[in-house]
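Trainee: Sequence and predicted structure are below.
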Amino acid sequence: MNSPVEIHVDDLSGETTLALITAHLAGMHDTSPPESVHALDIDGLRHPAITFWSAWVDGELAGIGALKRLDAERGELKSMRVDDRFLGRGVGRAILRHIVVHARENGLTSLWLETGSTPEFLPALRLYESEGFVRCGPFEDYSLDPFSVFLTRTL
């Protein structure tokens, strides 16, 4: 990537941020049955246990990501999405690494996530596994689901 990725806490009020969240939700519903879609809507992302970030390249929204604090030691990655125009340019990895650093700095000892199992999610799985996440069973309120893959990483 030529230009740096700037990542900031986002208050979920910007038009471009809201549009990317809407596209993210639509994409999840296009690839998974409704009962297998665990992406949070805008109101869900505004929960006090969630920190939401947006990533920018040259003044353009390039991606989003969120961290939900599950308890004193564990956090869950939510709503990781890179705008299609920025795919393959390291934006997702930059967001993921930013969230890992934030989680560590805030005393979390592990991160967890659920992502899809269909071919569309293979790039995300490769990213997570390349950053030290390993497959595990369902956590929190999740159940075994053929459309879900669960991963965790010790910090």
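Mentor: Yep, that arrived. Remember, predicted model here, so these are calculated numbers, not experimental data.

Trainee: the bottom helix or strand of the chain by mean pLDDT?
Mentor: Each helix and strand of the chain was given a mean pLDDT (mean pLDDT, DSSP states H and E); the minimum falls on helix 15-31 at a mean of 92.

Trainee: Quick one: mean pLDDT for the helix or strand following that one?
Mentor: Following the chain from helix 15-31 toward its C-terminal end, the next helix or strand by DSSP states H and E is helix 42-45. For helix 42-45, mean pLDDT rounds to 95.

Trainee: helices or strands up against helix 42-45?
Mentor: In this structure, helix 42-45 packs against helix 15-31, with contacts taken as 3 or more C-beta pairs under 8 Å, 6 or more residues apart in numbering; DSSP states H and E. Heads up, the C-betas are built off the backbone N, CA and C, glycines and all.

Trainee: So which elements touch the least confident helix or strand of the chain?
Mentor: Contacting helix 15-31 under the criterion 3+ C-beta pairs under 8 Å, 6+ apart are the following elements: helix 42-45, strand 60-69, strand 74-82.

Trainee: May I see the ones you listed organised as TSV, with mean neighbour count and distance to residue 136 added?
Mentor: Putting those into TSV (neighbours: other C-beta atoms under 10 Å; distance: least, C-beta to C-beta, whole Å) gives the following:
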stretch	mean neighbour count	distance to residue 136
helix 42-45	14	23
strand 60-69	22	17
strand 74-82	23	12
